[in-house]
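Asker: show me the folded form of this:
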Amino acid sequence: MMLKIILITLSIFTAIFLAAGCTEEATTQPPSEEESETIPKPLFSDIQDKVFTPICDRPGCHGTTNTQVNLLLREGEAYQNLVGVPSLLFPGMTRVIPDSSSKSLLIKILKGEVSPRMPLDGPFLEDAIIDSIAKWIDNGAINN
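Answerer: Residues are numbered from 1 along each chain as shown. This next block holds a predicted model:
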């Protein structure tokens, strides 16, 4: 009799444990302090401050000297060089198409859908950073 009670109790606990493991709770935690510092909000000004200026605006890349494919990404010039501008490297493609991140060359290059993937030779941007840039584009690519 005691063995039967133990087995029933064990079965109940096992069922509860398995059921708890199968539920999908949405655990949305705010970004950690470190993530907040590196992942830009989907605003052009934040993308400029957290991505273009520290990562892209370098000599030999998209900075002031030896600029690649005539694309300066320094503050005050990046927006006008990206939004609605045809690509020199990929004729027929546009660098940033407002409201369409999936057709924007910037996102394709950052994701590695076209080559060369940027930043050249890595480290490549985290998905969360690319997603934020895509959201900025999908929200109209506003100069904010």
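
Asker: how near is residue 86 to residue 120?
Answerer: Between residue 86 and residue 120 the computed distance is 21 Å (Cβ to Cβ, to the nearest Å). The way it works is simple: take the backbone N, C-alpha and C, and place the C-beta from them, glycine included.

Asker: again, but for residue 97
Answerer: Distance, residue 97 to residue 120, using Cβ to Cβ: 23 Å.

Asker: who's more crowded, those two?
Answerer: A direct count of neighbours by other Cβ atoms under 10 Å for residue 97 and residue 120 places residue 97 higher, at 18 against 13.

Asker: for that one, give me its contacts.
Answerer: Counting by Cβ atoms under 8 Å, 6 or more residues apart in numbering, residue 97 touches 84, 103-104, 137, 141.

Asker: could you pull up phi and psi at the residue nearest to the spatial centre of the chain?
Answerer: The centroid of the chain falls nearest to residue 130 when counting by Cα atoms, centre = their mean (1.9 Å). For residue 130, the backbone dihedrals (degrees, to the nearest 10) come out as phi -60, psi -40.

Asker: also residue 127?
Answerer: According to degrees, to the nearest 10, residue 127 has phi -60, psi -40.

Asker: looking at this, residue 62 is in a strand?
Answerer: No. Residue 62: not assigned to a strand; according to DSSP: H, G, I helix; E, B strand; the rest coil it is coil.

Asker: quick one: it from residue 72, how far?
Answerer: 6 Å.

Asker: which one's more surrounded, these two?
Answerer: Per other Cβ under 10 Å, whichever of residue 62 and residue 72 has more neighbours is residue 62, with 25 against 20.

Asker: and that one, what does it touch?
Answerer: If a contact means Cβ under 8 Å, 6+ apart, then residue 62 has 52, 56, 68, 71-74 as its contacts.

Asker: and residue 89, by the same measure?
Answerer: With contacts defined as Cβ under 8 Å, 6+ apart, residue 89 is in contact with residue 69.
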